[in-house]
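J.: just coords:
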């Protein structure tokens with residue numbers, strides 16, 4: 001998750017930096033939803049032997065961090081076009097370090113946490129990532145899970161819209177305040193009312 005000027009403020013005073021990040025937590029009940037990509041993609045998972053392909057797709061990532069994800073048991077779901085990796089979505093069923101919050105997200109029973117979604121810039125706007133996300137949700141529904149959560153940085157308007165179209169609902173707003181680059185000074189959470197069921 002990247003911070004943006006619209007949602008983060010960094011002011012320097014005598015060598016100290018105050019960084020404020022607004023995070024939105026979304027959740028969705030895993031249901032049968034459909035979404036078809038506008039190009040012919042093959043949906044699957046990334047094998048640890050394919051880390052080099054992943055690093056070509058998602059610049060800025062480091063091999064050792066991806067290896068740690070696999071070692072922790074996280075799964076990377078993939079979309080490929082003509083055998084080329086074009087979109088990825090990571091999932092976690094235990095706990096995950098959220099860098100912007102500088103804390104660990106603990107995944108509840110019956111829940112999957114989705115993170116680090118990325119689509120190659122040339123393939124954006126073609127419905128690839130939504131189709132991949134639906135594939136991921138169906139996979140976990142088949143394992144008996146009933147809820148998926150993800151964290152979206154509030155300045156990422158396109159990701160917010162895409163997740164809402166898939167049925168994700170806003171559940172919580174987390175504000176993280178840090179002085180300098182150390183641990184957060186404080187976290188504040190405001191939970192939205194749970195959605196009503198009919």
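T.: Perfect, I can see it now. Since this is a predicted model, take the numbers as computed values, not measurements.
J.: what about residue 143, how many neighbours?
T.: 10 (other C-beta atoms under 10 Å). For the C-beta atoms, the positions are set from N, CA and C on the backbone; glycine is no exception.
J.: give me the phi and psi for it.
T.: phi -90, psi 0 (degrees, to the nearest 10).
J.: roughly how far apart are it and residue 149?
T.: Distance of residue 143 to residue 149, computed by C-beta to C-beta, to the nearest Å: 16 Å.
J.: and for residue 79?
T.: Distance from residue 79 to residue 149, by C-beta to C-beta: 21 Å.
J.: what are the boundaries of the helices in the protein?
T.: 51-57, 63-71, 128-142, 157-165 (DSSP state H).
J.: for residue 87, which of those helices is the nearest?
T.: Taking C-beta to C-beta, helix 128-142 is the member of these nearest to residue 87, at 4.7 Å.
J.: and the closest one, what's its mean pLDDT?
T.: Helix 128-142 comes out with an average pLDDT of 89.
J.: out of residue 79 and residue 149, which sits in the busier spot?
T.: residue 79 (25 against 19).
J.: how about the strands in the protein?
T.: With DSSP state E, the ranges of strands along the chain come out as 9-13, 16-29, 42-45, 75-81, 84-92, 95-98, 103-106, 111-119, 147-153, 169-179, 184-191.
J.: could you tell me the least trusted of these?
T.: When I compare those, strand 9-13 is least confident, with a mean of 34.
J.: which of the helices of the chain is buried the deepest?
T.: Of all the helices of the chain, helix 128-142 has the most neighbours on average by mean count of other C-beta atoms under 10 Å, namely a mean of 20.
J.: what angle separates that one from strand 75-81?
T.: Between helix 128-142 and strand 75-81, the angle comes out at 140 degrees (axes from the mean of the first three to the mean of the last three C-alpha atoms, to 10 degrees).
J.: now do helix 128-142 against strand 84-92, angle only.
T.: 40 degrees.
J.: packing partners of helix 128-142?
T.: strand 42-45, strand 75-81, strand 84-92, strand 111-119, strand 147-153, helix 157-165 (3 or more C-beta pairs under 8 Å, 6 or more residues apart in numbering; DSSP states H and E).
J.: can you tell which of the ones you listed is closest to residue 98?
T.: Using C-beta to C-beta, these put strand 147-153 closest to residue 98, at 6.1 Å.
J.: the closest one pairs with which strands?
T.: Using DSSP bridges, strand 147-153 pairs in its sheet with strand 16-29 (antiparallel), strand 111-119 (parallel).
J.: taking helix 157-165 as reference, get the angle to it.
T.: 160 degrees.
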